[in-house]
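*Asks:* I need the structure of the sequence given here:
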Amino acid sequence: MLKIAVASGKGGAGKTSVSAALVRYLGRGVVAADGDVDAANGAIALGSKELSQKPYYSGKGFRIDPDLCTGCGLCVEACRFEAIFPDGEKCRIEEPLCERCGVCADLCPEGAILGELRRGGTLMLSELPSGALFSHAELYPGEDTSGKLVSQVRRQAEEKGKLLGVDFMVIDSPPGIG
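*Replies:* Coordinates of the predicted model:
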């Protein structure tokens, strides 16, 4: 399978338009992948119909169990991102500010800070009007693991392309890569 990546050093350069034109030109003998998971609009450009979706987990997120928290404040002092605040006699994590480093969980003497898998987006597989398959995803705002999700988009496209025996894979690359 020949892989064609459409890339640019910045966003808004027309990668999606060029990728969509190539995919339409190649017809059924192609599998497409949209690597722009932060602003995924390939589905719109290609007129795709969603077949399936899977949750994408971006890694551990942290929360404070109020039943275990004593409000000692060690986590508040240790958080260099200022994401943990006193909340009455307990503490709380302001999730959008948390960089998920885990220092708070390591320092908590009560074990009140729990790490849990956090959903960071959705991986999708769609069908194009030509019958070709299209792998794409959407990263939730504020997530910083776009590279991992792009890898899953590409892997899914490669697997489906091999199963179907297509000749080409067209990748609408993420913006900002050289």
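*Asks:* ok, the residue of the chain positioned farthest from its centre - contacts?
*Replies:* Centroid-distance maximum for the chain: residue 89 at 35.8 Å, with Cα atoms, centre = their mean. When contacts are counted by Cβ atoms under 8 Å, 6 or more residues apart in numbering, residue 89 touches residue 71. For every residue, glycine as well, the C-beta is placed using N, CA and C.
*Asks:* Quick one, grab the pLDDT at it.
*Replies:* pLDDT recorded at residue 89 is 94.
*Asks:* what's the answer for residue 40, then?
*Replies:* Looking at residue 40, the pLDDT reads 79.
*Asks:* please begin residue numbering at 633 from this point
*Replies:* Yes, from this point I'll number from 633; that puts the last item at residue 672.
*Asks:* Just say helix, strand or coil for it.
*Replies:* coil (DSSP: H, G, I helix; E, B strand; the rest coil).
*Asks:* mind checking how far it is from residue 806?
*Replies:* Computed as Cβ to Cβ, to the nearest Å, the residue 672 to residue 806 distance reads 10 Å.
*Asks:* Repeat that for residue 753.
*Replies:* Remark: distance between residue 753 and residue 806 (Cβ to Cβ) = 13 Å.
*Asks:* higher neighbour count, these two?
*Replies:* Each of residue 753 and residue 806 has its neighbours counted (other Cβ atoms under 10 Å); residue 753 has more, 24 against 21.
*Asks:* Quick one, grab the pLDDT at that one.
*Replies:* With respect to pLDDT, residue 753 scores 94.
*Asks:* Likewise for residue 809?
*Replies:* 59.
*Asks:* Show the subsequent helix or strand relative to the top helix by length along the chain.
*Replies:* In the chain, with assignment by DSSP state H, the single longest helix is helix 778-796. Once helix 778-796 ends, the next helix or strand along the chain (criterion: DSSP states H and E) is strand 800-804.
*Asks:* what's in contact with that next one?
*Replies:* Applying Cβ under 8 Å, 6+ apart, the contact partners of strand 800-804 are 633-638, 647-648, 651-652, 654-655, 658, 661-668, 674, 786, 789-790, 793.
*Asks:* Surely residue 701 forms part of a helix?
*Replies:* No: looking at residue 701 with three-state DSSP, it is coil, so not inside a helix.
*Asks:* May I have the phi/psi pair for it?
*Replies:* Main-chain torsions, residue 701, degrees, to the nearest 10: phi -70, psi 130.
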